[in-house]
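Undergrad: Could you work out the structure for the sequence below:
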Amino acid sequence: MNYTRQMAWRNYIVEGFLLLASLIIILPMLIMIFGSFMNNIEVLKFTLRLPSEWHFSNYATVFREGGLARAFWNGMLITGVSCVANIVTSSAAAFILTRRESKLSNFLYMFFFMGLIAPMSVITTIRVVQWLGFYGSISSVILIYASLNTAFSVFLYSGFIRSIPKVLDEVAFLEGAGTLSVFFKIVTPLILPVNATVAIMVFMSVWNDITIPLYFLTDSSDWTMPLSVYNFYGKFSRDWNLIFADLVLTSLPVFILYLFCQKYIISGLTAGAVKG
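TA: Purely as a prediction, here's the structure:
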């Protein structure tokens with residue numbers, strides 16, 4: 001009985017601590033949301049309270065003056081193509097590395113694993129992209145994003161693919177199927193939960209990033225929504241209500257995605273960890 005009470009009190013303490021910690025994120029977010037509907041004088045108080053008058057026109061102003069339509073399209077293009085490229089290449093690489101047990105495969109797996117801890121060298125990457133001849137283009141940013149998330153994706157796919165019985169591959173090979181057929185017709189349908197997890201994780205990582213587009217996109221018309229906030233702040237640095245509205249619109253896609261797809265993140269990570 002005493003042990004049960006101790007565990008209950010521990011749970012209460014942990015839950016209370018997590019609740020207080022969550023306020024660090026929730027309170028600034030509410031100030032930002034409420035402030036986006038205030039006028040440019042009232043918002044300067046930076047207090048948590050409802051607007052005295054709701055100015056929905058702030059969002060129309062931001063969308064019109066901030067060029068968010070173009071920035072939204074750029075963000076969706078970069079994020080979407082990066083997700084697809086990362087899923088296809090990472091899952092294929094993980095399939096080969098887990099199915100071919102050799103010293104080379106083990107070395108390449110550890111090489112991918114090093115990408116989880118090795119930081120990106122911006123100067124070196126810029127020089128490489130310039131040497132390849134597509135510096136300043138959206139394609140360069142897409143390739144960089146797909147590469148940056150490869151290490152985590154390969155690690156996640158490998159843990160799940162190891163749980164798939166090799167006998168399925170052997171039966172397909174006996175029936176005349178090739179490696180590509182086995183991967184796309186047998187393995188790919190089985191790794192759909194991990195595909196969803198990787199897609200969501202890569203989407204959130206790419207959409208929220210500001211450094212890669214800032215370094216590698218030389219034309220402001222190619223900037224994404226997070227960078228539009230940076231550009232918008234330079235024009236309307238005194239209008240915090242408009243800046244807050246821009247921040248809300250920028251974070252809205254990720255918030256909606258995570259709200260409806262968080263179960264896939266948990267299930268995919270759990271499947272890769274437990275089954276691997």
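Undergrad: List the contacts of stretch 210-227.
TA: 68, 70-72, 74-75, 78, 122, 126, 129, 135-138, 140-141, 144-145, 148, 207-209, 230-231, 249-250 (C-beta atoms under 8 Å, 6 or more residues apart in numbering). No exception for glycine: its C-beta is placed from N, CA and C like everyone else's.
Undergrad: quick check: mean pLDDT across it?
TA: The pLDDT scores in stretch 210-227 average 84.
Undergrad: And for stretch 148-166?
TA: Computed over stretch 148-166, the average pLDDT equals 83.
Undergrad: Flag every buried residue along that stretch.
TA: For stretch 148-166, the neighbour count (16 or more other C-beta atoms under 10 Å) marks 148-161, 164 as buried.
Undergrad: neighbouring contacts of that stretch?
TA: Counting by C-beta under 8 Å, 6+ apart, 82, 86-87, 89-91, 93-95, 97-99, 109, 112-116, 120, 187, 190-191, 193-194, 197-198, 201-202, 205-206, 212, 268-269, 271-273, 275-276 sit against stretch 148-166.
Undergrad: And the buried residues of stretch 148-166, which is closest to Lys103?
TA: Ser158 (16.5 Å; C-beta to C-beta).
Undergrad: Mind checking what secondary structure that closest one has?
TA: Under DSSP: H, G, I helix; E, B strand; the rest coil, Ser158 falls in the helix class.
Undergrad: re the thing from before, mind checking which of the contacts of stretch 210-227 are buried?
TA: 68, 70-72, 74-75, 78, 129, 135, 137-138, 140-141, 144-145, 148, 207-209, 249-250.
Undergrad: What distance do you get for Ile144 to Val129?
TA: 8 Å (C-beta to C-beta, to the nearest Å).
Undergrad: Same check on Leu50?
TA: 48 Å.
Undergrad: Repeat that for Val206.
TA: On the measure of C-beta to C-beta, Val206 and Val129 end up 17 Å apart.
Undergrad: Then Ala196?
TA: Taken as C-beta to C-beta, the span from Ala196 to Val129 is 31 Å.
Undergrad: what do you get for Asn106?
TA: 31 Å.
Undergrad: if I read this right, Pro253 contacts Trp207, doesn't it?
TA: Yes: under the criterion of C-beta atoms under 8 Å, Pro253 makes contact with Trp207 at 6.5 Å.
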